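Student: Build me a model:
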Amino acid sequence: MEDRSFCRKRSSICSGLDCPEHIFQYIERGLREDFPLLRSLSAFAHNLPGQLTSFIGRETEVAEIKHLISRTRLLTLTGSGGNGKTRLALQTAAEMVDHFANGVWFVDMAAVLDSTLIATTVATTLRLREQPGQTMLEALIAFLRGKRLLLIFDNCEQIVSACAVLAEKLLKACPELHILATSREALAVAGETTWRVPSLPVPPAQPLDSFEKLAEIPSVRLFVDRATSVVPDFQLTAGNAPAVAKICRRLDGIPLAIELAAARVKMISPEEIALRLNDRFRLLTGGSRTALPRHQTLRAAIDWSYHLLGGIEGVLFRRLSLFYGSFSLEAAESVYEGPDQDSMEFLDSVSRLVDKSLLILEQSAGTPRYRMLETIREYAFDRLRDSGEVAAVQRRFLNFFLKLGQTADKELSGPAQGKWLERLDAEQENFRAALTWNVQESQFRTAQLQLALALSRFWLVRGNWEEGLTCLLRVISPDCVRQFDRSWALNSCGNFACQLGRYDEATRHYEGSLAIRRELGDQRGIAATLNNLGNVYLHQGDYETAEPLFSESLSLLRKLGYEPGIAPCLNNLASVRVQRRDYAGAEKNANEALEIFKKVGNDLGVAASLAELGKLAMSQKEIDRARSCFEESLALSRDLDEKVGIIGSLQSLGQLMMIQNNYESARALYQESLSLASEVAAVPYVTTAMDALEALNQAQPGDAAEATRR
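Tutor: Take a look at the predicted model:
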């Protein structure tokens with residue numbers, strides 16, 4: 001038997017490369033002996049550690065990183081702790097060994113605490129020794145110059161500056177050298193390309209058609225694979241699929257967190273794991289004993305990043321934990337410090353948190369916004385609680401969003417309403433957070449009520465009626481609310497209840513508001529509530545009761561000269577007069593309202609007036625005019641995503657199609673309106689749509705349109 005030395009075979013498994021194997025040639029009389037050398041890769045062309053677990057997903061990411069390595073000489077993979085940077089780098093390197101004639105070499109910087117030893121660590125990995133008269137850096141450069149080789153600098157964050165200096169010197173001196181680094185922040189070297197490692201894709205919030213589709217999602221695949229390693233007969237089933245989806249979603253697709261959660265399957269079910277995720281940092285422990293200490297628990301993974309923060313960065317990191325979803329730079333600054341804060345220091349701190357993968361920067365319609373992964377946010381909030389700053393930072397947070405809400409409320413009746421609706425859409429999660437904090441302090445509770453009042457118009461437009469009603473009823477507290485604010489709160493509660501079709505409840509709220517406003521002598525408030533009370537009767541078809549309420553409201557508003565209130569009241573009067581066949585009066589009212597809305601730039605109001613003019617035209621058999629009004633109203637309402645306007649215009653167009661015996665179009669319009677009305681729990685509109693669809697299914701041509709009028 002003849003020794004043929006060590007050879008390395010290329011693995012067919014994506015999890016890595018096989019170890020070198022000692023090859024022998026068997027010699028026997030009569031057999032050929034002069035075989036050529038085996039075609040194999042060099043036995044020592046890499047030092048990549050073998051992987052004991054399978055590599056899940058991220059095929060696209062590996063391909064992209066391979067492409068980037070071929071184009072750039074320094075590529076840094078960044079991302080939060082536990083996000084799989086090292087594993088992704090190793091997988092990519094394993095697939096690129098053949099591209100580097102002189103090998104791929106993995107250098108673990110995790111244990112290097114003395115920055116002066118970095119060059120020595122790299123040299124040791126490459127099996128270099130110090131030579132007399134040469135520094136270790138000089139020896140490295142002498143060895144690497146002229147070689148086509150890939151170095152992997154792993155876990156650079158704790159000595160990032162020293163890693164940056166070494167990388168720059170090596171790359172300048174060795175033109176064939178490539179470096180792939182992993183770090184929680186970029187090296188910040190000229191020519192560096194940074195690539196943020198994303199979390200694994202997670203299941204959508206809405207259930208999928210089947211759990212088989214769920215099983216294809218990478219985060220779920222990872223959970224199932226790791227769960228199977230501790231419970232071999234574990235399977236994803238229709239029964240446990242919702243819990244597994246929730247686990248992956250709530251853990252933000254972070255591989256380390258998912259692996260730690262999967263390890264708990266040997267003790268508790270996925271359903272119990274999902275229930276316990278509110279205490280995730282105590283639950284997600286018990287990682288591999290051979291893993292780095294910071295990868296043995298979820299808390300340790302984030303602790304590592306937190307302890308590398310400077311003092312100001314740590315303060316900002318903790319305080320940003322109050323934000324849910326995304327937030328603007330302006331909002332972040334409001335919780336940072338007091339009025340004497342250094343704005344440049346603040347900007348630098350935000351930038352460093354992004355660089356260190358603790359904040360994610362996103363572009364929303366060209367405007368930068370920031371967010372934390374929920375797992376990191378919960379960790380940061382624990383640190384905020386430990387600091388004793390929660391109450392003080394909550395007050396700053398609430399004050400900022402109160403000012404924002406009050407400014408927006410004023411703008412929602414003018415030409416900038418579209419921009420402000422989008423701004424409020426982006427902040428909904430933060431508004432909800434501010435309104436749910438249970439702080440037993442009268443000033444804080446008053447500010448919460450004022451914020452809810454400021455958001456009432458927004459909630460009405462967006463169809464968040466149940467949310468608005470529930471929130472207002474929660475924050476009204478007799479011991480800390482001024483009567484003036486209480487009257488507005490009750491009026492807004494009536495608005496939400498009316499849209500929900502709860503007319504008795506709406507009447508009760510309006511009458512309570514009206515009594516307070518009469519007592520206070522609040523003429524504008526009295527006029528508003530009279531108009532709203534008239535709407536309750538209008539929706540129920542009691543036009544005789546509704547009309548005098550609208551007329552009294554209009555009279556007060558004209559005396560006050562308050563056009564933003566006059567126009568809606570005129571629209572309501574027009575609606576009553578259409579039903580009572582006073583077409584001349586209706587046309588006069590609707591046109592006057594339209595002119596006022598156009599003058600002040602209120603497109604929501606313009607849409608409402610066009611809808612009334614369309615109903616007037618339809619009542620007078622002016623089909624083309626009616627269609628034009630309804631379509632223009634619908635377009636404006638869609639642009640602003642105003643739910644009532646969209647639903648109402650769809651149903652009016654549906655009725656118009658029925659009049660023309662165009663049943664197919666009518667059915668499509670009513671079905672769309674039913675879907676949207678059901679989504680926002682608009683009971684009266686749901687009833688109208690269902691009645692119309694029933695009429696379409698059963699009535700003879702010519703009868704269906706009449707059925708919808710009854």
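Student: List the buried residues in stretch 549-559.
Tutor: 549-550, 552-554, 556-557 (16 or more other CB atoms under 10 Å). Quick note: C-beta positions are derived from backbone N, CA and C, even for glycine.
Student: swap in stretch 355-367?
Tutor: For stretch 355-367, the neighbour count (16+ other CB under 10 Å) marks 355-361 as buried.
Student: Then stretch 462-480?
Tutor: Buried residues in stretch 462-480, counted by 16+ other CB under 10 Å: 462-465, 467-469, 471-472, 475-476, 480.
Student: Touching it from outside, list them.
Tutor: Here stretch 462-480 makes contact (CB atoms under 8 Å, 6 or more residues apart in numbering) with 421, 425, 435, 442, 445-446, 448-449, 452-453, 455-456, 458-460, 486, 489-490, 492-493, 496-497, 499-500, 641-644, 679-682.
Student: Give the buried subset of those residues as a ChimeraX selection command.
Tutor: If you want just the buried ones from the contacts of stretch 462-480 in ChimeraX, going by 16+ other CB under 10 Å, the selection is:
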select :421,435,445,446,448,449,452,453,455,456,458,459,460,486,489,490,492,493,496,497,499,500,642,643,644,680,682
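Student: Restricted to helices, list the contacts of stretch 462-480.
Tutor: Members of the contacts of stretch 462-480 lying in helices (criterion: DSSP state H): 421, 425, 435, 442, 445-446, 448-449, 452-453, 455-456, 458-460, 486, 489-490, 492-493, 496-497, 499, 643-644, 679.
Student: tell me the secondary structure for R249?
Tutor: Applying DSSP: H, G, I helix; E, B strand; the rest coil to R249 yields a three-state assignment of helix.
Student: any idea how far A380 is from it?
Tutor: The gap separating R249 from A380 is 20 Å, by CB to CB, to the nearest Å.
Student: cool, and D342?
Tutor: 22 Å.
Student: So those two - more neighbours on which side?
Tutor: A380 (23 against 12; other CB atoms under 10 Å).
Student: Am I right that that one is in contact with S321?
Tutor: Yes. Using CB atoms under 8 Å, A380 is in contact with S321, at 3.6 Å.
Student: between these two, what contacts are shared?
Tutor: Each of M372 lies in contact with both A380 and S321 under the rule CB under 8 Å, 6+ apart.
Student: Name the nearest of the buried residues of stretch 549-559 relative to L520.
Tutor: Nearest to L520, judged by CB to CB, of the buried residues of stretch 549-559 is L556 at 14.3 Å.
Student: list the contacts for that closest one?
Tutor: Going by CB under 8 Å, 6+ apart, L556 touches 523-524, 526-527, 530.
Student: Dihedrals phi and psi, M267?
Tutor: When read as degrees, to the nearest 10, the backbone of M267 gives phi -110, psi -40.
Student: how many neighbours does it have?
Tutor: By other CB under 10 Å, the residues close to M267 number 11.
Student: now it: how far from A227?
Tutor: 12 Å.
Student: where does the protein have low pLDDT?
Tutor: Counting by pLDDT under 70, the chain has low-confidence residues at 1-44, 282-297, 338-341, 364-366, 478-480, 699-710.
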